[in-house]
Structures are given as structure tokens and as C-alpha cells.
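Peer 1: Sequence unavailable; structure follows:
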């Protein structure tokens, strides 16, 4: 089973987003985005390639879909982007001005809302720590 996510770049003309089919959870896609896509140009390059099967640490190793329907979607605002959580998307990652990532997780939309990705990653690591 896959963990579906959207990876989005907020711009002055809207929110440009692509679909990622596998490994959308914070421990994978979240950490890759936070640690390897830190500049606006990198995120723009990633989003420009369209929908993907798997996100990788650099855009050249990502597994993009190559069909004609694989393109970047543009949403006018976050509310319309967040509606995609009703369409089987588990996580939405948004790169904002100021080179910062945010995440919205479907299962915690009401208790956590949109979080800074750095904080979500840190919380996740604390929750997964094992006492020896």
C-alpha cells in the first residue's frame, strides 16, 4: 500500500503542486524535503517535473511519471489545496517564502493543523525513540 502526498510550492501566482504516490509519510518524504530541498530553485525544479512515483534526495533520481497527464496542478489558495486530503492524499508538504516547509497530515488535521515541517520531523523522532 502506498502513502500518497502532494508536494507544493507557494508562489505569487498560486500554489503549484505535484502528486507523489509512495512513501509520503514524514519519516521519508518529509525528511527528504526538509534536508535536501532547502532552496526555492530546487523545489521549483522538482515541481516542474510533474507527478512522481518516488521522491529521492535529488531531482535526477526521482521516479517521475512520463505520461501526458503528469503535470503540475495549480491551486489558487491553500483551502483548495487542502481539499485534496479528501481525495486519498495523506500528507501535503508546502514550501513557503523564506525557504521553510510546512506539512498538513490528514489524520491530525483537526488537532495539529498545518505544522512547520522541522517541528513535525522532530516530534516524529521523539515519538519513535526507544528507551534502551
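Peer 2: All right, it came through fine. This is a predicted model, so every value here is computed, not measured.

Peer 1: For the longest helix along the chain, enumerate the helices and strands it packs against.
Peer 2: When the chain is scanned for its longest helix (criterion: DSSP state H), the result is helix 117-128. Other elements packing on helix 117-128 under the criterion 3 or more Cβ pairs under 8 Å, 6 or more residues apart in numbering; DSSP states H and E are helix 31-36, strand 100-105. To be clear about C-beta, it is placed using only N, CA and C from the backbone, and glycine gets the same treatment.

Peer 1: burial of residue 73, as a residue count?
Peer 2: The local packing of residue 73 (other Cβ atoms under 10 Å) involves 18 other residues.

Peer 1: Next: residue 9.
Peer 2: By the criterion of other Cβ under 10 Å, residue 9 has 22 neighbours.

Peer 1: Contacts only, for it.
Peer 2: Residue 9 makes contact with 15-17, 40, 43-44, 47, 94-95 under the criterion Cβ atoms under 8 Å, 6 or more residues apart in numbering.

Peer 1: Name all residues that make contact with residue 98.
Peer 2: Neighbour list for residue 98: empty [criterion: Cβ under 8 Å, 6+ apart].

Peer 1: Next, it: secondary structure please.
Peer 2: Applying DSSP: H, G, I helix; E, B strand; the rest coil to residue 98 yields a three-state assignment of coil.

Peer 1: For stretch 93-113, measure first residue to last.
Peer 2: In stretch 93-113, first residue to last residue: 12 Å (Cα to Cα, to the nearest Å).

Peer 1: now stretch 18-31
Peer 2: The first and final residues of stretch 18-31 sit 17 Å from each other (Cα to Cα).

Peer 1: repeat for stretch 43-55
Peer 2: 12 Å.

Peer 1: For that stretch, list every residue counted as buried.
Peer 2: 43, 46-47, 49-52, 55 (16 or more other Cβ atoms under 10 Å).
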